[in-house]
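Asker: Need coordinates for the below:
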Amino acid sequence: MPDDPIQDLLDEADERMEEAVSYLQSELKTIRAGRASPGMLENVTVDYYGSQTPLNQVASVSAPQPDLLVVQPFDRNAMEDIEKGIMKADLGLNPNNDGEKIRIPIPPLSEERRKELVETARERAEDAKISIRNIRRDAKNELQRIVEDENLSEDVRYGGEEDLQEITDAHTDQVDTLLEKKKDKIMDV
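Answerer: Numbers count the residues shown, from 1 in each chain. Okay, the predicted model is just below:
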């Protein structure tokens, strides 16, 4: 079974590229579009009894209105820590604590700010593409090493490289699609 190590290599490259696309999805969720979304606070961590804890483990987040987020702490003693965590996340948001809940008004985006956010989304997408290209490069080097070590024909190597390129193209297309969707959401007034 001379093709098994190559198929394993392609499967591993596919899996790693999928992880890069998943990471991009989570990064794009944190970029604010026009409407309030609980995903905007997804990467916020809170200093909770001395350890950095994800916000979703110490509170529930909802968006009852398009311009308002509400954070309901599971433990009222953590209110100030949650506020500090949101401020430290540098999202440009100003949380208001009413003793029960934390309300975060989401101001409307200006045209200039929308363009900045689109540029940020574009940079994150480019980072994902760079990761995918690096995975392809590493897989290509490994493929060449396998062909040399196992004395396989050049046709096997070319076939493997074609398959690798197809996997790479599929993932870069996913990145482009995600970016276009995010751009549409950000620019939607």
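
Asker: And what about the closest residue to I102 other than its chain neighbours, helix, strand or coil?
Answerer: Excluding the flanking residues, the one nearest I102 by C-beta to C-beta, 6 or more residues apart in numbering is V71, at 4.1 Å. (Glycine included, C-beta is placed from N, CA and C.) Three-state call for V71 (DSSP: H, G, I helix; E, B strand; the rest coil): strand.

Asker: wait, what's in contact with V71?
Answerer: 41, 55, 59-61, 82, 86, 95, 101-104 (C-beta atoms under 8 Å, 6 or more residues apart in numbering).

Asker: Out of these, flag the one nearest to D155.
Answerer: Nearest to D155 among these, counting by C-beta to C-beta, is L41 at 52.3 Å.

Asker: Hmm, the closest one is touching V61, no?
Answerer: Yes. L41 is within contact range of V61, at 5.4 Å (criterion: C-beta atoms under 8 Å).

Asker: and for those two, which residues touch both?
Answerer: In contact with both L41 and V61: 55, 69, 71, using C-beta under 8 Å, 6+ apart.

Asker: Could you dump these into JSON lines with distance to G160 and pLDDT added?
Answerer: Compiled in JSON lines, the shared contacts of L41 and V61 are given as follows (distance: C-beta to C-beta, whole Å; pLDDT from 0 to 100):
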{"residue": "L55", "distance to G160": "44", "pLDDT": "92"}
{"residue": "L69", "distance to G160": "48", "pLDDT": "92"}
{"residue": "V71", "distance to G160": "50", "pLDDT": "94"}
